[in-house]
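Engineer: sequence plus the predicted model coming up.
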Amino acid sequence: LLKIPGRDIQTETLAEANAQAQASRVAEQRLDELLSDERNALPAPLADRLRTVLERRRNAVWERLGQANPVTGESVDDTYRRLSREMISAERDVFVRLRDARYLDDEILRTLLRRLDLEE
């Protein structure tokens, strides 16, 4: 009745990609500023890992515009996220089993699980 047009997923994804690209550029500039301070010194591989995280975020949106997996219908980014969650779940299960076997105490378990939670 109202003749409201449907959502244009491609246009929304392009807008999201543009916003992410802008945010990533600012975040990378901020990272460079932070790393220039000797208090924030990191070995090169760790600094590169932070840059890789930004690059993955930038690319993730563009990957949704690409071809979907013919078996699952997922985008590359969706598959990556699903596999990442599965890996984190497997690690979480091991940590809990190690705590249950009294190899880890509750404090160490909480520390390990918090790291996984933040990554997730």
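Structural biologist: That came through, no problem. Residues are numbered from 1 along each chain as shown.
Engineer: the lowest-mean-pLDDT helix or strand in the chain - contacts with which helices or strands?
Structural biologist: Every helix and strand in the chain was compared by mean pLDDT, DSSP states H and E; the lowest is helix 44-65, with a mean of 87. In terms of contacts (3 or more Cβ pairs under 8 Å, 6 or more residues apart in numbering; DSSP states H and E), helix 44-65 is packed against helix 9-35, helix 76-100. Where you see a C-beta, it was placed from the backbone N, CA and C, and this is true even at glycine.
Engineer: for the first one, buried residues please.
Structural biologist: Going by neighbour count (16 or more other Cβ atoms under 10 Å), the buried part of helix 9-35 is 17, 20, 24, 27, 31.
Engineer: dump those residues to CSV, plus pLDDT and distance to residue 48.
Structural biologist: What follows is the buried residues of helix 9-35, written out as CSV (pLDDT from 0 to 100; distance: Cβ to Cβ, whole Å):
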residue, pLDDT, distance to residue 48
17, 85, 23
20, 88, 20
24, 92, 15
27, 95, 15
31, 95, 11
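Engineer: between those residues, which is nearest residue 70?
Structural biologist: Among the buried residues of helix 9-35, residue 17 lies closest to residue 70 (Cβ to Cβ), at 23.3 Å.
Engineer: the closest one contacts residue 62, correct?
Structural biologist: Yes - between residue 17 and residue 62 there is a contact under Cβ atoms under 8 Å: 5.6 Å.
Engineer: circling back: which among the helices and strands packed on helix 44-65 is found nearest to residue 107?
Structural biologist: helix 76-100 (10.1 Å).
Engineer: alright, calling it a day.
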